[in-house]
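Colleague: Let me see the structure of the following:
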Amino acid sequence: MRSVFTLCVAACLLSSARADVPPGLGHTITATRRLQNAIGDDDAWKKARYFHFDWVDEQGGERLPKRSYDWDRSTGRFRVEGAYEKGARYTVYFNVKSHEGDVWLAGKKVRDDAQRKKWLDAAYETFVNDSYWLIAPFKFQDHVYDIWVDWAGNGKGPNGESCYVEKMWFHDDVRPAPKGNYWLYIDDKSGLVVEWKLGSGGQNEAQTAYAWSDWKKVGPIMLASTRKGIGTSRVIRFENLKVTTDVDEAALTPPQ
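Modeller: Reported below is the predicted structural model:
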């Protein structure tokens, strides 16, 4: 297992000490470099400060109520809006650094501390999940989580693509992180993720798989807007994608 920090150090050593590189590490660095070149390097990722997106989950042909996000990566602020009981709307403003925020239900600010905490906790959990589904490949560059990467060999993508396979998981000693293990199938030609598989923590076998498609340039970076379940009817879509350096302050400012 190798951390991102270890990968960076090893990359500097490859040219002069290839005989000392552990088996598989060279492949891991190659795959990571191709992925970074394809989706956006560190400079592009730094410019990707403000995100807007709608999380859309379709299961069995039924489109579930969407969640709409605005997110400032720099300050940690995000806003999520969606529907709950009988179509009433909720809006949550939260800061992932301070863990403070406010909640509006059906247009009224929640004053009860216990109810507010319940909604804030739920909003944070969905935010961690939904944003990770969108930007998982950029976690190699995020430098926020303690990320571990291991070479998992070569494989075939959903359309027969020849792929590098990397296993990725997180240590959450400092802050909450996505749970479980993830296998990223990186097309060795395009450098883009074409599939990922997910497994529960502590298990070596992946349980579910999704094909990634509809890659496009969004602001300074590349994002895939569709995740289609392999062997299932589930499809996750990211709609109304927007990524900019400038922040929409109006979207992230709670009403007075």
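
Colleague: Contacts only, for residue 136.
Modeller: Contact criterion Cβ atoms under 8 Å, 6 or more residues apart in numbering gives 168, 182, 184, 193, 196 as the residues in contact with residue 136. The C-beta positions use only the backbone N, C-alpha and C, and glycine is treated the same way.

Colleague: Which of those fall within strands?
Modeller: Counting by DSSP state E, the part of the contacts of residue 136 found in strands is 168, 182, 184, 193, 196.

Colleague: quick one on the thing from earlier: which one of the contacts of residue 136 is nearest to residue 219?
Modeller: If you rank the contacts of residue 136 by distance to residue 219 using Cβ to Cβ, residue 193 comes first, at 18.4 Å.

Colleague: List the buried residues for stretch 96-107?
Modeller: Residues of stretch 96-107 classed as buried: 96, 101, 102, 103, 104, 105 (neighbour count, 16 or more other Cβ atoms under 10 Å).

Colleague: thinking again about what came up before, by neighbours, which of the ones in strands among the contacts of residue 136 wins?
Modeller: Sorting the ones in strands among the contacts of residue 136 by how many neighbours each has (other Cβ atoms under 10 Å) puts residue 184 first, at 25 neighbours.

Colleague: my guess is that one contacts residue 166, does it?
Modeller: Yes. Assessed by Cβ atoms under 8 Å, residue 184 is found in contact with residue 166 at 5.0 Å.

Colleague: what's the span of stretch 58-70, first residue to last?
Modeller: 21 Å (Cα to Cα, to the nearest Å).

Colleague: any idea of the mean pLDDT for that stretch?
Modeller: For stretch 58-70, mean pLDDT is 94.

Colleague: again, but for stretch 244-256
Modeller: Averaging pLDDT along stretch 244-256 gives 95.

Colleague: Contacts made by it with the rest, please.
Modeller: 47-50, 52, 70, 72, 74, 77-79, 93, 102, 104, 109, 219-220.

Colleague: CA atoms only for that stretch, dumped as PDB, please.
Modeller: Presented in PDB, the C-alpha positions along stretch 244-256 are these (Å, rounded to 0.1, in the frame of the first residue of the first chain):
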ATOM      1  CA  THR A 244     -15.400  28.100 -11.900                       C
ATOM      2  CA  THR A 245     -12.700  30.000 -10.100                       C
ATOM      3  CA  ASP A 246     -15.200  32.700  -9.100                       C
ATOM      4  CA  VAL A 247     -17.600  31.800  -6.300                       C
ATOM      5  CA  ASP A 248     -21.400  32.500  -6.500                       C
ATOM      6  CA  GLU A 249     -21.600  34.200  -3.100                       C
ATOM      7  CA  ALA A 250     -25.400  34.700  -3.400                       C
ATOM      8  CA  ALA A 251     -25.900  30.900  -3.700                       C
ATOM      9  CA  LEU A 252     -23.900  30.300  -0.500                       C
ATOM     10  CA  THR A 253     -25.200  33.100   1.600                       C
ATOM     11  CA  PRO A 254     -28.100  32.100   3.900                       C
ATOM     12  CA  PRO A 255     -31.200  34.300   4.000                       C
ATOM     13  CA  GLN A 256     -31.400  36.900   6.800                       C
END
